[in-house]
Structures are given as C-alpha cells and as structure tokens.
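[1] Generate coordinates for the sequence data below:
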Amino acid sequence: MKVLVTGGAGFIGSHLVDALIRQGYQVVVVDNLSTGRPENINPAATFYQVDISSPDLERIFEKERPELVNHQAAQTVIRKSMEDPVFDAKQNILGSLNLVLQCLRFGVKKIVYASSAGIYGEPKYRPVDENHPVTPISYYGISKHTVEHYLHLSHLENSLSYAVLRYSNVYGPRQSPRGEAGVVAIFTRQMLQGERPTIFGKGDKTRDYVYVSDVVAANLLAMVKGENSIYNIGTGVETADQEIFNLLAELTGYQGSPHYAPVRKGEIYRSCLAYSKAQKEIGWQPRFRLREGLTETVHYYRSLFGK
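    All right, here's what the predicted structure looks like:
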C-alpha cells in the first residue's frame, strides 16, 4: 500500500515515515523543507520538495496515486500565528484544503490529520476529553480546528474517510532545538551548550508531554482503525515547566538556574489530555514514561552537540 506523508522530513513526520517503511509500506514524502531537514528523509521514500499549497501537489497525486494520506505538515509556532495570522492560515488552512481536494480528486481512501490540543484553549476541566468546548486562544488553534471541519464535510459529501489526532506536547529526537516551539529540545540544547534557558511564567504553567514514538504508534493505528473520528493523543498527566527544567538539568548535568519571563500571548496556562477514547476505539495508549523519553531525547542531542 502506498502512503503519502506531508511533512515527512520534519520531526514527527520523519519518524512516521521510518515506521511505515519498516512495516512494508511504499512511502511518498511531500515537504517544502521550511522546517524539515533533508537528513531526516528516509532514502527508501520517494521525496518531493513541494509546498502543500502549491498547484504542483496535483501532479504528485496524479503520478503517485496514494491510497492513504497522513498529514503532518503545518506551521506550528503559536507566537508566529499571533504575529502573522494570514501566513498561519495560508499554511494550515489553505494548504490543508489543497491536500484534501487532491485526496478527493484522486480517490484516496483515508486521510489521517495531525491536529492539536491548542484547539481547546484554556481548559474548563482537566484532563480534557474530545467533548470539551473548542475555544482556541491562538490563531494556530483556530487554523488547526478549521481543517477538522473540512474533513468532516468531505466525508459527508464525498465519503472521504478520516481520523483526526489531537496531539498534546510532542517531544523527542529530531525536534528542532532552535525554534520557539518544543521546550524539551530547546532546554536540552541550551543546557548542553551552557546557555541559560527561559521559562515563560513562574514555572507552574503545565503541559502534557507525549513521546514521539507513542505519537507514531497512534498514527499507525489510526490509519487502519478509527473511521471518521477524533482522538486525543496525550498522557493525561500535567507536568509543570519547572519540573521539565529540573529533570533536564539532572539528565544533562546543568548547574544553572532558569530565567523567568512573562507568558507569551496565545499560550495556554494549564493543559493535559484524556486518551481513553483512543484507548477504547483504536487500542492506543502511551508507553513511554516522561523520564524514559527525556533520557532518550537527551542522549540524542548529546550525540549532536558532543557533550
């Protein structure tokens, strides 16, 4: 079976491509390399350096004829979405719509879409389940949720099957340590290189950290199960920024203290996701404990930075 993966040179997408190839799938990768890295691309995959909003996407679908599509490509930086919501919408809404239209045009059986916990906004209760009100406080959250509506209507009008995975905070090897998103990667690099990390807030802001291998496992299950439904992919555990800092300092040997700065606009203060629906309907649950995942992540970045 042939699968097209958008964002397949990126953090989550490249791990997914590796797993698909190990399982015997034919894989086509579409990535514009704006944040993805060429060295992440599995050599067994067919690669196209194309933006998902490009008209060239039609040519790729016509040539490759994928049966399944897994959509990981996105603009993921909340701060950038707040500064430039038009750019965010072009990438996340219009690019995704172009992809959905190609799926309809060329008879794709199913699309798996990487959504986000950011769609929920500040939680009214925790852990957040899939029935929680959708009240995003960032343009990024709005754009990610909008695509869910396109998928739902495409199913109703054109019978395109889909599965939506709403990720909590994903971390692990290959995440960019130099952007504004991905606090585990950023803190790890800074600690290994002797820089002082910044915590936005007082250290009590929380996130639900899920390891990338668990996210890949959820995608593999959603490709063959979970028809036309939405699943939270998280651990149900809140972890404070200060705790992440302390754990990473222990694992890296960092002796310094963090700098504290005001919380950035559009950021949720506390968050964690219930995963019981995914467990019940597609048989997924997180396997990696936080310390285990952080240990693997630190080992990866230590190999990159030589410390």
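[2] Please enumerate the strands of the protein.
    2-6, 26-30, 46-48, 68-71, 110-116, 161-167, 169-171, 198-200, 206-207, 209-211, 229-233, 239-240, 259-261 (DSSP state E).
[3] Can you lay out those strands as a markdown table showing mean pLDDT and distance to residue 272?
    Placement of C-beta: from N, CA and C, glycine included. Listed next are the strands of the chain as a markdown table, based on pLDDT from 0 to 100; distance: least, C-beta to C-beta, whole Å:
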| stretch | mean pLDDT | distance to residue 272 |
| --- | --- | --- |
| strand 2-6 | 98 | 27 |
| strand 26-30 | 98 | 32 |
| strand 46-48 | 98 | 36 |
| strand 68-71 | 98 | 24 |
| strand 110-116 | 98 | 14 |
| strand 161-167 | 98 | 12 |
| strand 169-171 | 97 | 9 |
| strand 198-200 | 94 | 18 |
| strand 206-207 | 96 | 7 |
| strand 209-211 | 98 | 9 |
| strand 229-233 | 98 | 10 |
| strand 239-240 | 98 | 8 |
| strand 259-261 | 94 | 22 |
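[4] Enumerate every residue touching the closest residue to residue 62 other than its chain neighbours.
    Computed as C-beta to C-beta, 6 or more residues apart in numbering, the closest residue to residue 62 that is not its neighbour in sequence is residue 106, at 6.7 Å. With contact set as C-beta atoms under 8 Å, 6 or more residues apart in numbering, residue 106 has these partners: 61-62, 65-66.
[5] Compare those and tell me which has the most neighbours.
    Sorting these by how many neighbours each has (other C-beta atoms under 10 Å) puts residue 66 first, at 24 neighbours.
[6] Look at the closest residue to that one other than its chain neighbours and say how many residues are nearby.
    Excluding its sequence neighbours, the residue lying closest to residue 66 (C-beta to C-beta, 6+ apart) is residue 4, at 3.9 Å. Around residue 4 there are 29 other residues, counting by other C-beta under 10 Å.
[7] on that earlier part again, which among the contacts of residue 106 gets closest to residue 205?
    Proximity of those to residue 205 (C-beta to C-beta) peaks at residue 66, which lies at 39.6 Å.
[8] check contacts around that closest one.
    When contacts are counted by C-beta under 8 Å, 6+ apart, residue 66 touches 2-4, 28, 106, 108.
[9] Give me the domain ranges for this protein.
    Domain ranges of the chain: 2-170+209-233, 173-207+237-273+288-305, per automatic domain parsing.
[10] CSV for those, including distance to residue 281?
    Shown next, in CSV, are those (distance: least, C-beta to C-beta, whole Å):
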stretch, distance to residue 281
domain 2-170+209-233, 6
domain 173-207+237-273+288-305, 15
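[11] Out of the ones you listed, name the one with the poorest average pLDDT.
    Ranked by mean pLDDT, those end with domain 173-207+237-273+288-305 in last place, scoring a mean of 93.
[12] Distance from the chain centre to it, please.
    17 Å (C-alpha atoms, centre = their mean, to the nearest Å).
[13] Ok, stretch 35-52 next?
    17 Å.
[14] Please measure how far the first residue of that stretch sits from its last one.
    End-to-end distance for stretch 35-52: 14 Å, by C-alpha to C-alpha, to the nearest Å.
[15] Return the distance of residue 266 relative to residue 70.
    27 Å (C-beta to C-beta, to the nearest Å).
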